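[1] One predicted model, sequence on top.
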Amino acid sequence: MSLNHLFSHFSLKVEAFFFFCCSPRSYHRFSSYMASSLHNTPSAAVNGTSVADAKSRLPKRPRLLADPTPPLFTPSDILSEFSHHDPTVARINNGSFGSCPSSVISAQHDLQLQWLQQPDDFYFNQLQPKILQSRTIIKDLINADHVDEVSIVDNATTAAAIVLQQIAWGFAEGKFKHGDAAVMLHYAYGSVKKSVEAYVTRAGGYVIEVPLPFPVNSADEIIHEFRQALQRGKQNGRRVRLAVIDHVTSMPTVVIPVKELVSICREEGVDQVFVDAAHGIGCVDVDMKQIGADFYTSNLHKWYFCPPSVAFLYCKRSINNSDLHHPVVSHEYGNGLAIESGWIGTRDYSAQLVVPKALEFINRFEGGIDGIKKRNHECVVEMGKMLVEAWGTHLGCPPEMCSSMVMVGLPACLGISSDRDALNLRTCIREKFGVEVPIYYRSPKDGEDGGVTGYARISCQVYNKVEDYHKFSDAVNQLVHNAFTCASLPN
């Protein structure tokens with residue numbers, strides 16, 4: 001074997017190593033792979049020259065003061081970054097609260113100490129430049145035109161309040177007519193629905209919910225229902241002042257054809273479009289120019305590895321968006337939403353300041369955030385298919401409408417007949433089997449008898465292992481074997 005052949009062989013091993021160490025399925029496959037690699041790697045002389053001799057003849061590599069590219073994560077690195085997770089619990093519910101690695105937590109702690117050590121210096125000299133740095137990173141991530149279009153807020157609920165507050169003022173100041181409409185999906189997040197009620201309905205707006213099928217078979221079903229809802233909104237001379245569209249619905253979770261729906265809103269003369277993408281960044285592709293919405297929000301603590309809670313709100317530069325304000329009024333009122341949001345009183349801003357550290361963490365995975373999204377999607381779909389095969393059920397939507405989460409039908413014999421049953425079953429699975437997974441109840445359709453009424457929403461993130469999903473499978477199989485029903489659980 002020539003020397004070039006030897007180093008080519010070594011390079012292939014390194015490339016494969018990085019593939020495995022960045023995969024969420026790496027933990028049980030990595031050791032067997034390396035054992036095979038060591039067995040097949042030549043260890044004796046090559047053309048009469050030992051590997052050690054060949055290496056000694058190579059020119060010495062110049063010493064670098066600092067490597068600008070940090071090494072990719074190994075499986076042990078990933079375990080270390082999430083060692084604060086409870087090892088007895090299979091956490092397949094990243095979608096609810098996300099996950100923050102130790103390196104980002106440490107960076108946050110350092111910032112908190114800096115504030116506590118000298119708060120005046122931190123506020124007057126450091127806080128705003130650090131927030132601007134985070135906003136600039138987000139601006140590039142989402143392909144916004146200008147950093148002033150990006151504000152950092154606590155969470156997607158705060159972002160929704162900012163947008164809906166503007167709509168309420170539109171009614172109060174006579175810009176909108178009493179009865180003008182706002183349209184939102186039936187599966188909109190609960191707090192957003194309440195915000196619409198508080199700001200739009202109370203101000204005199206007419207709210208239309210778009211009924212969505214579930215299980216869903218195609219994006220066309222959603223597009224059809226959305227078009228019909230817009231037509232209802234325009235009846236009796238009304239105008240649709242706002243459309244609230246999810247990018248990824250929470251429960252049940254489905255990726256919404258958001259670009260198509262925004263385009264339809266433009267065709268139908270909807271004034272403004274707000275995309276609630278609480279699960280957006282780090283979970284699906286997020287590009288402001290492609291999506292074309294007026295407003296777009298996403299949490300950074302769900303799928304972008306920031307600590308809770310932090311989110312961004314994108315507001316397209318427009319005369320219609322010039323009068324947006326943070327609902328908590330403080331000294332920066334009137335200086336623009338981004339500046340207002342950067343100071344809403346004395347509080348802990350550290351979650352907003354670790355976005356650069358989260359990006360550094362993400363870039364230690366092959367392919368960065370795009371690679372993570374791709375592997376998480378492939379893994380969760382594969383695990384979803386494994387579960388429905390084990391239970392004889394079905395997925396809640398086609399794989400192409402899944403993100404890093406998927407709805408998995410539970411066996412009908414579990415007897416899930418209410419939201420309370422779903423919550424009690426979730427508690428049972430957590431406490432008896434050490435699995436954390438949310439359960440969704442779907443009321444049966446007219447004439448439906450004996451069908452699936454319960455679905456589990458499983459998530460996949462870089463810390464998950466295949467064993468987590470098999471643990472869930474075994475738990476449900478054990479319940480079925482024991483003839484368990486939700487009726488036996490205490491209310």
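    Good, I have the coordinates. Not measured: the values here are computed from a predicted model.
[2] And the protein, what are its domain boundaries?
    By the assignment in automatic domain parsing, the chain contains the domains 3-89, 106-360, 368-488.
[3] Same list (those domains) but as a markdown table, adding distance to F97.
    For the C-beta atoms, the positions are set from N, CA and C on the backbone; glycine is no exception. Conversion of the domains of the chain to a markdown table gives the following (distance: least, Cβ to Cβ, whole Å):
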| stretch | distance to F97 |
| --- | --- |
| domain 3-89 | 12 |
| domain 106-360 | 6 |
| domain 368-488 | 10 |
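[4] Now tabulate the ones you listed in TSV and tack on mean pLDDT.
    As requested, these are exported to TSV (pLDDT from 0 to 100):
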stretch	mean pLDDT
domain 3-89	54
domain 106-360	96
domain 368-488	96
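[5] between the ones you listed, which gets nearest to S99?
    With distances scored as Cβ to Cβ, the stretch of the domains of the chain nearest to S99 is domain 368-488 (5.7 Å).
[6] where does T485 fall, phi/psi-wise?
    phi -140, psi 160 (degrees, to the nearest 10).
[7] gap between it and Q272?
    Here T485 is placed at a distance of 47 Å from Q272 (Cβ to Cβ, to the nearest Å).
[8] So between these two, which is more surrounded?
    Applying other Cβ atoms under 10 Å to T485 and Q272 shows that Q272 carries more neighbours, namely 22 against 16.
[9] need the contact list for the closest residue to the more buried one other than its chain neighbours.
    Taking Cβ to Cβ, 6 or more residues apart in numbering as the measure, Q272 lies nearest to D294, with 4.5 Å between them; neighbours along the chain are not counted. Neighbour list for D294: 272-274, 315-316, 318, 320-321 [criterion: Cβ atoms under 8 Å, 6 or more residues apart in numbering].
[10] Next, the buried residues of stretch 327-347.
    The neighbour-count check on stretch 327-347 (16 or more other Cβ atoms under 10 Å) flags 328, 332, 336-344 as buried.
[11] which among the contacts of D294 end up buried?
    Among the contacts of D294, those buried by neighbour count (16+ other Cβ under 10 Å) are 272-274, 315-316, 321.
[12] Would it be right to say that V273 lies in a strand?
    Yes - assessed by DSSP: H, G, I helix; E, B strand; the rest coil, V273 belongs to a strand.
[13] which helix is the longest one in the protein?
    helix 368-391 (DSSP state H).
[14] by contact count, what packs against that helix?
    In this structure, helix 368-391 makes packing contacts with helix 355-362, strand 405-409, strand 454-459, helix 466-481, judged by 3 or more Cβ pairs under 8 Å, 6 or more residues apart in numbering; DSSP states H and E.
[15] For those, please prepare a markdown table with the additional fields mean neighbour count and distance to V310.
    Supplementary listing: those in a markdown table, determined by neighbours: other Cβ atoms under 10 Å; distance: least, Cβ to Cβ, whole Å:
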| stretch | mean neighbour count | distance to V310 |
| --- | --- | --- |
| helix 355-362 | 21 | 8 |
| strand 405-409 | 27 | 20 |
| strand 454-459 | 26 | 19 |
| helix 466-481 | 17 | 26 |
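[16] Output those in a markdown table; the columns should cover distance to N424.
    A markdown table is the format used below for these (distance: least, Cβ to Cβ, whole Å):
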| stretch | distance to N424 |
| --- | --- |
| helix 355-362 | 36 |
| strand 405-409 | 18 |
| strand 454-459 | 11 |
| helix 466-481 | 12 |
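[17] among those, which is nearest Q231?
    Closest approach to Q231 among the helices and strands packed on helix 368-391 (Cβ to Cβ): strand 405-409, 28.9 Å.
[18] Would you mind pulling the contact partners of that closest one?
    Under the contact criterion Cβ under 8 Å, 6+ apart, strand 405-409 has outside partners 95, 214-215, 248, 252-254, 279, 283, 380-381, 384, 387-388, 391, 393-397, 399, 440, 452, 454-460.
[19] What remains of these if I keep only buried residues?
    Among the contacts of strand 405-409, those classed as buried by 16+ other Cβ under 10 Å are 95, 214-215, 248, 252-254, 279, 283, 380-381, 384, 387-388, 391, 393, 395-397, 440, 452, 454-460.
[20] From S488, how far off is S80?
    From S80 over to S488 the distance is 41 Å, taken as Cβ to Cβ.
[21] ok, S99 touching H85?
    Yes - here S99 reaches H85: they are 7.5 Å apart, a contact under Cβ atoms under 8 Å.
[22] Looking at these two, which has the bigger crowd around it?
    Of the pair S99 and H85, S99 is the one with more neighbours under other Cβ under 10 Å, namely 22 against 12.
[23] OK, contacts around the more buried one?
    The contact partners of S99, by Cβ under 8 Å, 6+ apart, come to 82, 85, 91, 305, 461, 463.
[24] Buried subset of those residues, written for ChimeraX?
    Command for ChimeraX, covering only those of the contacts of S99 found buried under the criterion 16+ other Cβ under 10 Å:
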select :82,91,305,461,463
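[25] Of the contacts of S99, which is the nearest to S298?
    Proximity to S298 was ranked across the contacts of S99 by Cβ to Cβ; first place goes to F305, at 13.2 Å.
[26] quick one, what contacts that closest one?
    Listed by Cβ under 8 Å, 6+ apart, the contact set of F305 reads 98-101, 104, 282, 358, 361-362.
[27] The nearest residue to R317 once chain neighbours are set aside: neighbour count?
    Leaving aside its sequence neighbours, R317 sits nearest to E149 (Cβ to Cβ, 6+ apart; 5.8 Å). Burial measure for E149: 24 neighbouring residues, criterion other Cβ under 10 Å.
[28] Can you tell me which helices and strands the strand or helix carrying A161 packs against?
    When secondary structure is defined using DSSP states H and E, the element that contains A161 is helix 156-172. Helices and strands touching helix 156-172, as assessed by 3+ Cβ pairs under 8 Å, 6+ apart, comprise strand 150-153, helix 190-196, strand 240-246, strand 272-276, strand 295-299, strand 311-315.
[29] at 10 Å instead, please
    Counting contacts by 3 or more Cβ pairs under 10 Å, 6 or more residues apart in numbering; DSSP states H and E, helix 156-172 packs against strand 150-153, helix 190-196, strand 240-246, strand 272-276, strand 295-299, strand 311-315, helix 337-341.
[30] Would you reformat these as JSON lines and include distance to R266?
    Conversion of the helices and strands packed on helix 156-172 to JSON lines gives the following (distance: least, Cβ to Cβ, whole Å):
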{"stretch": "strand 150-153", "distance to R266": "22"}
{"stretch": "helix 190-196", "distance to R266": "21"}
{"stretch": "strand 240-246", "distance to R266": "10"}
{"stretch": "strand 272-276", "distance to R266": "8"}
{"stretch": "strand 295-299", "distance to R266": "14"}
{"stretch": "strand 311-315", "distance to R266": "17"}
{"stretch": "helix 337-341", "distance to R266": "23"}
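[31] G204: neighbouring residues, count only.
    Counted with other Cβ under 10 Å, G204 comes out at 14.
[32] returning to that earlier point: return the set of buried residues in the helix holding A161.
    Buried residues in helix 156-172, counted by 16+ other Cβ under 10 Å: 156-171.
[33] go on, stretch 204-220?
    Counting neighbours by 16+ other Cβ under 10 Å, stretch 204-220 gives 205-210, 212, 214-216, 219 as buried.
[34] Inside helices: which ones of these?
    When helices are assigned by DSSP H, the members of the buried residues of stretch 204-220 inside them are A219.
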